[in-house]
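Engineer: Output the structure for:
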Amino acid sequence: MTSGKTHFIGLMLLSLVSIRAYSQQSTFGVDVGEVSDKFGALSSTNAAQVNINGQVTILKGNPKEQRPAIVAGGEIILPADTNNHAKEFAVWGGPMFHAGHFILGFEAQIRKIIEPTAFVDNQFFQRDTLEFLEVPGVIRYDFGASKRVFVEVKGAPEFHPRFRTPKGTTVLLPNPHLDYGYFIRGSAGYNSSHHWYARASYELRYLKYEPDAGNPNGLYNWRSNSISGGVGVTF
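Structural biologist: This is a model prediction of the structure:
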């Protein structure tokens, strides 16, 4: 991704969290942790990782009228070692229903994943950039004094991605065919009365492709585990 596109996404995230009108709650946070990635038969590698994220409630919900809140958000995931780990950029939006201590909903999400270059059979292969349409379900439970403690689970199966060949690719392969994939993210945290929050998260993402000509030595097969902790502000 060019620096111009990266700056554009960053500005978009900042603009999301600056929306105050019609907003029930906006958040902007930074999570820092470690990611472990394994591609195909290659050994797993670890690296530090940062996640910059934000979300706003565009329209307030009304539980009495069974009207959901409408949220929009985005995130940028940047590993310290981009030679062995993927960068991710995502935006999403969707309805969230409030039911007592629970928040239930789903998000329509567009995610771009820029995977690292592979080294297979003494040859470098630039993996295609992946663009996913995801529809994760979200379950959140708020409890404790003033419902300030929360746990949240988000996850979805993966559909066949759109492949984008990076500029300067010298070895072209046919597109691999996704066998199956999924991701799941669990978080727990605390919302302070002073407009800040803290949370810890764990995420697992798994993609398995058919063993065809577009996936030699399983170079697209990917298992990623990350654990992180972070803080943020609420508006």
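Engineer: Any idea how far apart the tips of stretch 153-172 sit?
Structural biologist: Taking CA to CA, to the nearest Å, the span from the opening residue of stretch 153-172 to its closing residue is 38 Å.
Engineer: Run through who's touching that stretch.
Structural biologist: Outside stretch 153-172, the residues that touch it by CB atoms under 8 Å, 6 or more residues apart in numbering are 107, 113, 123-126, 128-140, 175, 177-178, 180-187, 207. Glycine gets a C-beta too; all of them are placed from N, C-alpha and C.
Engineer: Check which element follows the lowest-mean-pLDDT helix or strand in the chain along the chain.
Structural biologist: Scoring the helices and strands of the chain by mean pLDDT, DSSP states H and E places helix 3-17 at the bottom, with a mean of 47. Moving toward the C-terminus from helix 3-17, the first helix or strand encountered (DSSP states H and E) is strand 26-39.
Engineer: Buried residues, that next one. List them.
Structural biologist: Within strand 26-39, the residues that qualify as buried are 26, 27, 28, 29, 31, 33, 35, 37, 39, counting by 16 or more other CB atoms under 10 Å.
Engineer: what do you get for stretch 189-201?
Structural biologist: Using 16+ other CB under 10 Å as the burial criterion, the residues of stretch 189-201 that qualify are 189, 191, 197, 199, 201.
Engineer: likewise stretch 199-219?
Structural biologist: Residues of stretch 199-219 classed as buried by neighbour count (16+ other CB under 10 Å): 199, 201, 203, 205-209, 214-216, 218-219.
Engineer: Show me which of the buried residues of strand 26-39 is closest to residue 233.
Structural biologist: Relative to residue 233, the closest of these is residue 28; by CB to CB it sits at 5.7 Å.
Engineer: So the closest one is in contact with residue 233, correct?
Structural biologist: Yes. Residue 28 is in contact with residue 233 according to CB atoms under 8 Å; the separation is 5.7 Å.
Engineer: which neighbours do those two share?
Structural biologist: When contacts are counted by CB under 8 Å, 6+ apart, residue 28 and residue 233 are jointly contacted by no residue.
Engineer: From the chain's centroid, how far away is the helix or strand encompassing residue 53?
Structural biologist: Following DSSP H and E, one finds residue 53 within strand 45-59. Its chain's C-alpha centre lies 7 Å from the corresponding centre of strand 45-59 when counted by CA atoms, centre = their mean, to the nearest Å.
Engineer: now the angle from the helix or strand just after that strand to strand 26-39?
Structural biologist: Past strand 45-59, heading to the C-terminal end, the next element that is a helix or strand (DSSP H and E) is strand 69-79. Between the axis of strand 69-79 and that of strand 26-39 there is an angle of 40 degrees, by axes from the mean of the first three to the mean of the last three CA atoms, to 10 degrees.
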